[in-house]
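> Need coordinates for the below:
(one chain, ligands or ions: 1)
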Amino acid sequence: MAIFSISHSNDGRKQLSLKSPVDLSHIGTYDCANKDEISKIMTQAKVAQAKWKTSTLKDRVELMHKVADVVIDQQNQIMEVVMRETGKPQQEAMSMEVFSSVDSLIFYANRAEKWLSDKKIKMHGPMRFIKKTFITYKPRGVVVVITPWNGPFILSINPVIQALLCGNSAIIKPSEITPMSGALVEEIFALAGAPKHLVQTVIGDGETGAELIDQVPDKVSFTGSVSTGKKIASKCGEMLIPFSLELGGKDAMIVCSDADIKDAASGAVVGSCMNAGQYCCGTERIYVMEDIYDEFVAEVVSITKSLVQSNDGKGDIGPTFWDKQIEIIEDHVKDAIDKGAKVLVGGNRNPSFKGLYFEPTVLVEVSHEMKVMKDETFGPIISIMKVSSEEEALTLANQSHYGLNGNVWTKDLVKGKKIAKSIETGACSVNDMAMSYGVNEVPFGGVKESGLGVVNGKEGLLGYAHAMPIIVGKKSASAYPYTDKSLDQLRSALKIFWGNKLVRKIFG
Ligand code: NAD
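Have a look, this model is predicted:
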């Protein structure tokens, strides 16, 4: 019944066999790359990068626009591949995978020349009279992009776009659950006319990903679970390979007494159930003020009951993408019920379907003793807890080893911002579900165990480059021998520049 299995062919090659989460039918068998092939792919990536790094920013931007055209042109094919491997509804295949990819291509293409061109740096103090400084953004080399299965196309293409704009080549190692959705990125870049081997794919499992890192790439961009993230951090640390980690979450939602209850309830349902709950910034814990609790819960129950779960891609909620995840969801719900939680809607696998469908579920009377309020559930589970004050909500929200995203609901926007700032998390929304991954203007990254480093925004893009300062002057500013005179000159400079408040302001 497993969605993916690994076997070995007669010649000893590892093979990946995949089933559809929609109806458990066989959807493909793929060869995993072996060590020799991985090594060859790395060599090819290095050769491609050596040429690509000499391309102008204009050439790179032009490629991104061509890729955007191909994604728009191939939107149905992309949706079809992603839906075949994940079963996600067509609306989500379009919004999360296709629309967001084109949005990202255009966003970075339009800003790359400004953000990545050499920058003159205005110097301070006495050095400003004798030196000029600028920063040039150099590519790192070959970037390995390792991705999960929940957003298999967007999470593969988005780091690749940023890596290529900085002059790197990229090797994608997609999840073993969704290999073809990741491999599509290579195909799309090839269709857009990208140079050969600039974007390549390595198919395989975790062991394959580890072997790829053994080839010592120049950066690893990892998106996935905390446990794998720690292994990657340790491997990269040993070899001093720069890396970024975008990991799991257990996002909190705080609903204040003055919230628009209908809007908040709708946000709770979509935040918890989008992508069948398999969303790193999914709402996994909801804290609601006691005076509006009953009304809020009634509204959530009513919306949840109206959701359509279907296996034709047309409903609101599709399947869980793999069997291990649905087992985790079942375990969390059972653990909650055993410890006293009440199920108001759902609570089981949906018996109407052959595939991996878990019913959208509303749980109340939950507590922090339960797995559903502690560990990442990654399912369509809406867990609601009553609180007696905003302070209590905040304390509970911060009682987590995760810190990826969160959301606060109140009509008082000043208060909303204040609570948002106090949540220990990577980003937060006020009066909306977590949406920061889709806001390309801002860096995206978790705190605590939710990650290290950022993707997206100017900060994320620049992570794929080395910012190299070049300091230029006609004459050296320091020289031997050290004499009484040179020491006196330093003392005078100290007095002139930093001994006076007005001069400090002007030259500091
Ligand atoms: P995972 O960690 O099991 O696998 C992710 C990728 O890492 C896969 O491609 C896998 O083959 C590879 N891998 C596994 N072991 C490896 C190793 N030792 N060395 C190198 N590569 C290895 O995660 P998953 O189950 O695919 O994804 C779900 C997780 O991803 C959830 O926790 C979710 O919250 C998280 N996620 C985070 C973000 C974010 O941006 N923060 C986005 C999406 C998903």
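> in the lowest-mean-pLDDT helix or strand in the chain, what's buried?
Lowest mean confidence among the helices and strands of the chain (mean pLDDT, DSSP states H and E): strand 4-8, at a mean of 92. Burial within strand 4-8, assessed by neighbour count using 16 or more other C-beta atoms under 10 Å, is assigned to residue 4. To be clear about C-beta, it is placed using only N, CA and C from the backbone, and glycine gets the same treatment.
> So that strand, near the ligand or not?
No - judged by C-beta under 6 Å from any ligand atom, strand 4-8 stays clear of the ligand, getting no closer than 10.2 Å.
> what does stretch 457-474 give?
No - figure legend: stretch 457-474 not in contact with the ligand (C-beta under 6 Å from any ligand atom); closest approach 10.9 Å.
> Let's see that stretch as CSV, backbone CA atoms only.
Taking C-alpha atoms only, stretch 457-474 is exported to CSV below (Å, rounded to 0.1, in the frame of the first residue of the first chain):
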residue,chain,number,x,y,z
GLY,A,457,13.2,38.7,-1.0
LYS,A,458,16.4,40.5,-1.6
GLU,A,459,18.0,38.8,1.4
GLY,A,460,17.1,35.3,0.0
LEU,A,461,18.4,36.1,-3.5
LEU,A,462,21.7,37.5,-2.2
GLY,A,463,22.2,34.2,-0.3
TYR,A,464,23.0,32.6,-3.6
ALA,A,465,25.9,35.0,-4.2
HIS,A,466,29.1,36.0,-2.4
ALA,A,467,29.1,39.7,-1.8
MET,A,468,32.7,40.6,-2.5
PRO,A,469,33.9,44.0,-1.4
ILE,A,470,36.7,45.6,-3.5
ILE,A,471,38.5,48.5,-1.9
VAL,A,472,40.3,50.7,-4.3
GLY,A,473,42.9,53.5,-3.6
LYS,A,474,45.9,55.2,-5.2
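> Could I get the average pLDDT for it?
The average pLDDT within stretch 457-474 is 97.
> which bits of this structure sit near the ligand?
Within the chain, the residues that sit near the ligand (C-beta under 6 Å from any ligand atom) are 146-151, 155, 173, 175-176, 205-206, 209-210, 213, 223-225, 228, 231-232, 246-249, 280, 376, 404, 446, 451.
> Which residue, neighbours along the chain excluded, lies closest to the residue nearest the centre of the chain?
When C-alpha atoms, centre = their mean is applied to the chain, the residue found nearest the centroid is residue 246 (5.0 Å). Among residues not flanking residue 246 along the chain, residue 223 sits closest, at 4.3 Å (C-beta to C-beta, 6 or more residues apart in numbering).
> and what of residue 344?
If the residues on either side of it in the chain are set aside, residue 344 comes closest to residue 362, at 4.3 Å by C-beta to C-beta, 6+ apart.
> related to what we said a few turns ago, quick one, what contacts the residue nearest to the centre of the chain?
Residue 246 makes contact with 222-224, 280, 444-446, 451, 455, according to C-beta atoms under 8 Å, 6 or more residues apart in numbering.
> can you count the residues close to residue 454?
Per other C-beta atoms under 10 Å, the neighbour tally for residue 454 reads 21.
> swap in residue 15?
Neighbours of residue 15 using other C-beta under 10 Å come to 15.
> just to revisit the earlier point, sort out for me which of the contacts of residue 246 are in strands.
Using DSSP state E, the subset of those located in strands is 222-223, 451.
> Relative to the ligand, which of these is nearest.
Comparing the ones in strands among the contacts of residue 246 against the ligand with C-beta to the nearest ligand atom places residue 223 closest, at 4.7 Å.
> what sits against the closest one?
Contacts of residue 223 (C-beta under 8 Å, 6+ apart): 146-148, 155, 159, 246-247, 280, 455.
> what's the closest of those to residue 413?
Looking at these and their distance to residue 413, the nearest is residue 280, at 26.0 Å (C-beta to C-beta).
> Can you get me a residue count around that closest one?
Neighbours of residue 280 (other C-beta under 10 Å): 28.
> Please report the distance of it from residue 345.
From residue 280 over to residue 345 the distance is 24 Å, taken as C-beta to C-beta, to the nearest Å.
> swap in residue 317?
With the distance defined as C-beta to C-beta, residue 317 ends up 12 Å from residue 345.
> Pick out whichever of these two has more residues nearby.
The residue with more neighbours, out of residue 317 and residue 345, is residue 317; 24 against 17, by other C-beta under 10 Å.
> any idea how far the more buried one is from the ligand?
Distance from residue 317 to the ligand, counting by C-beta to the nearest ligand atom, to the nearest Å: 18 Å.
> That residue and residue 114, how far apart?
Distance, residue 317 to residue 114, using C-beta to C-beta: 41 Å.
> Could you do residue 342 as well?
Residue 342 sits 54 Å away from residue 114, going by C-beta to C-beta.
> just residue 230 next, same as before
Residue 230 sits 36 Å away from residue 114, going by C-beta to C-beta.
> Would you double-check that residue 136 falls in a strand?
Yes - according to DSSP: H, G, I helix; E, B strand; the rest coil, residue 136 belongs to a strand.
> So it versus residue 72, what's the distance?
Distance of residue 136 to residue 72, computed by C-beta to C-beta: 34 Å.
> Likewise for residue 218?
As judged by C-beta to C-beta, residue 218 and residue 72 stand 31 Å apart.
> Among these two, which residue is more densely surrounded?
Legend: neighbour count by other C-beta under 10 Å for residue 218 and residue 72, higher for residue 218 (20 against 14).
> Can you identify each of the helices in the stretch 101-250 of the chain by residue range?
Assignment of helices within the stretch 101-250 of the chain using DSSP state H, counting those that start in this stretch yields the ranges 154-165, 179-191, 206-214, 226-239.
> For the ones you listed, state which one has the densest average packing.
Of the helices of the stretch 101-250 of the chain, the one with the most neighbours on average (mean count of other C-beta atoms under 10 Å) is helix 154-165, at a mean of 28.
> what's the spacing between that one and its chain's center?
Helix 154-165 sits 11 Å away from the centroid of its parent chain (C-alpha atoms, centre = their mean, to the nearest Å).
> Great, nothing more from me.
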